[in-house]
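Trainee: Got a sequence here, can you model it:
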Amino acid sequence: MSLRRAIVWFRQDLRLHDNEAITNALEMADEVLPVYVFDERLFTGRTRWFDFPKTGKFRAKFIIEAVEDLREQLRARGNELVVRVGKPEEVVFELARECKSSWVFCNRERTSEELTIQNDLEKKLWTIGQEILYSRGKMLYYTADLPFPVTHTPDVFSQFRKEVERIVPVREPLPTPSKIPHFSSDIAPGLIPTLKDFGHDEVIPDSRKVLPFQGGETAGLERLRYYLWETDHIKNYKETRNGLIGGDYSSKFSAWLAQGCLSPKKIYHEIKKYEAERGANDSTYWLFFELLWRDFFRLMGKKYGDKIFLKQGTKGEEPVGLRNNWKNMRPWLEGETGVPFIDANMRELNLTGFMSNRGRQNVASFLVKDLQVNWQMGAEYFESMLVDYDVTSNWGNWNYIAGVGSDPREDRYFNIVKQARRYDPKGEYVKRWVPELAELPADMVHIPDQLKFVEQEEHHVKIGSDYPLAIVATKKWDRRSW
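Mentor: Residues are numbered from 1 along each chain as shown. Coordinates of the predicted model:
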């Protein structure tokens, strides 16, 4: 009797806990071949419209580390991860033909680039009598459990939340397998590539970064334990989530969620366990609330497809006045706008691959509403730079800020100086990333373009030389009244 063989094609599900693809493969097959393909188009390609590197060095490093960790986890269970660089639809097909597998198991993706790849692979597998069996694992909820079909998902988050959160149970996460039977073949495991292989310089650690962001399931689970059980930081999440400095003002789970190193169901059930043992409050609920937003954006991506990437968004109405204006775009992406709160956030992104949620909202509003730059340029730059880039969350949030999403509130304009004073009242965050302004007192640090010459001399900064003159005068948001 011939052995039943299965390939498990890992994609953005780089974990063994709560992994439906590997669970199903172990139920159906005698031997399992785990595979990960570094897609050359993703790791060396450019973004579709504005020619940024598609995967910047921070996320590339995180993914490489996640794949290394996955290989170690598989080895500990008697298996091996086969790693290749190329086009997944070609590489996985050749492996399937070589090892004469019966099935390829993988997590189903829903956005166009990923859809094209999995569809092309499926067609190739049909030619040799094999098929793809799709699994789920990116969302908190299974779409089959929702009280509506995907195409009828409410377009407004509050309505989605109302129809889902108190009605639909979150399934228990699937257990981590203790043993995974290896293929009886001589397929070479392959080397895991380095950043240099993808044309990147090594990441230089910056002491100001919020976290190291070590990729992999092991680090993700450690972060979950730390944030909930070891420190009780979750108890204050709602109050601290708009912070700017340090690793503990928010959970920082996003990078591990984006690559599937952490399961949202795992996080949810750890929260419920925590609430049962140590008490529930608004903060423990709010972390669940953020997972709901993540599901909502993913469902919008499923419902509207490529519309989330288009200038008119899911709303179908092109915003007025936005241009592909590189003259305004360049100082924004370089952190040289002369508006300190914007520059500090953009410099943090450029040097670490991360920016707080509060910062993301402000820099996006500034780019779109104040600089009148096409929001797609900002969305693609984030796609390139963010260590925690998640396609539907990123593009959904940019739709939201630009007013082209389906949410009814159109004017999401941020008063940058008011925001800076509220969330960085002493200017500590700005001075951390914009050291040119280190000697300015708190009442001046967010509005340096309003400094008189004598004030500039007193505080050893020359606006227009040491630090750029603001491309949008801060008086637009605030006039000094002292």
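Trainee: contacts, neighbours, all on C-alpha from now
Mentor: Noted.
Trainee: ok, which stretches of the stretch 201-350 of the chain are helices?
Mentor: With DSSP state H, counting those that start in this stretch as the criterion, the stretch 201-350 of the chain has helices at 217-225, 237-240, 254-258, 264-278, 282-304, 326-334, 340-352.
Trainee: So which residues of the stretch 301-450 of the chain form strands?
Mentor: Here the stretch 301-450 of the chain has no strands by DSSP state E, counting those that start in this stretch.
Trainee: Run through it and note the low-pLDDT ranges.
Mentor: For the stretch 301-450 of the chain, the stretches with pLDDT under 70 are 408-411.
Trainee: re earlier: wait, which of the helices of the stretch 201-350 of the chain is closest to V170?
Mentor: Nearest to V170 among the helices of the stretch 201-350 of the chain is helix 264-278 (6.9 Å), distances taken as CA to CA.
Trainee: Run through who's touching that closest one.
Mentor: Here helix 264-278 makes contact (CA atoms under 8 Å, 6 or more residues apart in numbering) with 18, 138-141, 170-173, 224, 228-229, 257, 280, 284, 288, 291.
Trainee: Repeat that for stretch 126-143.
Mentor: Residues from elsewhere that reach stretch 126-143, judged by CA under 8 Å, 6+ apart: 13, 18-21, 97, 101-108, 122, 125, 149-150, 168-171, 260, 263-265, 268, 291-292, 294-295, 298.
Trainee: Quick one, which of the contacts of helix 264-278 are buried?
Mentor: Buried by 16 or more other CA atoms under 10 Å: 18, 138-141, 170, 173, 224, 228, 257, 280, 284, 288, 291, out of the contacts of helix 264-278.
Trainee: Now for those residues: which two are most distant?
Mentor: K138 and A280 (25.4 Å).
Trainee: and the least confident of the buried ones among the contacts of helix 264-278?
Mentor: Across these, the bottom pLDDT score, 91, is held by K138.
Trainee: That residue belongs to a helix, doesn't it?
Mentor: No - counting by DSSP: H, G, I helix; E, B strand; the rest coil, K138 is located in no helix; its state is coil.
Trainee: From G359, how far out is it?
Mentor: Between K138 and G359 the distance is 25 Å, computed by CA to CA, to the nearest Å.
Trainee: likewise V32?
Mentor: 44 Å.
Trainee: biggest strand in this structure by residues?
Mentor: When the chain is parsed with DSSP state E, its longest strand is strand 31-39.
Trainee: what's the spacing between K179 and E31?
Mentor: Distance, K179 to E31, by CA to CA: 11 Å.
Trainee: Same question for T194.
Mentor: For T194, the distance to E31 equals 29 Å [CA to CA].
Trainee: Compare those two and say which is more crowded by neighbours.
Mentor: For T194 versus E31, neighbours defined as other CA atoms under 10 Å are more numerous around E31 (20 against 15).
Trainee: Check whether that one really touches I22, as I assumed.
Mentor: No - the criterion here is CA atoms under 8 Å, and E31 misses it with I22 at 11.2 Å.
Trainee: For Q214, see how far away I64 is.
Mentor: Per CA to CA, I64 is found 10 Å from Q214.
Trainee: are any of the contacts of stretch 126-143 buried, and which?
Mentor: 13, 18-21, 101-108, 122, 125, 150, 170, 260, 263-265, 268, 291-292, 294-295, 298.
Trainee: need the helices for the stretch 351-482 of the chain, in chain order.
Mentor: For the stretch 351-482 of the chain, applying DSSP H, counting those that start in this stretch gives helices covering 357-365, 375-385, 391-402, 416-423, 428-433, 453-458.
Trainee: Out of these, which gets nearest to D478?
Mentor: Across these, closest to D478 is helix 416-423 (CA to CA), at 6.6 Å.
Trainee: other SSEs contacting the closest one?
Mentor: Here helix 416-423 touches helix 340-352, going by 3 or more CA pairs under 8 Å, 6 or more residues apart in numbering; DSSP states H and E.
Trainee: and if we set it to 10 Å?
Mentor: Counting contacts by 3 or more CA pairs under 10 Å, 6 or more residues apart in numbering; DSSP states H and E, helix 416-423 packs against helix 340-352, helix 357-365, helix 428-433.
Trainee: who's in contact with it?
Mentor: 242-244, 339-342, 358-359, 362-363, 365-366, 370, 424-427, 429-430, 442-443, 445-447, 474-479 (CA atoms under 10 Å, 6 or more residues apart in numbering).
Trainee: same deal with stretch 164-173?
Mentor: Under the criterion CA under 10 Å, 6+ apart, residues 17-20, 137, 139-142, 145-148, 158, 161, 263-269, 288-289, 292 lie in contact with stretch 164-173.
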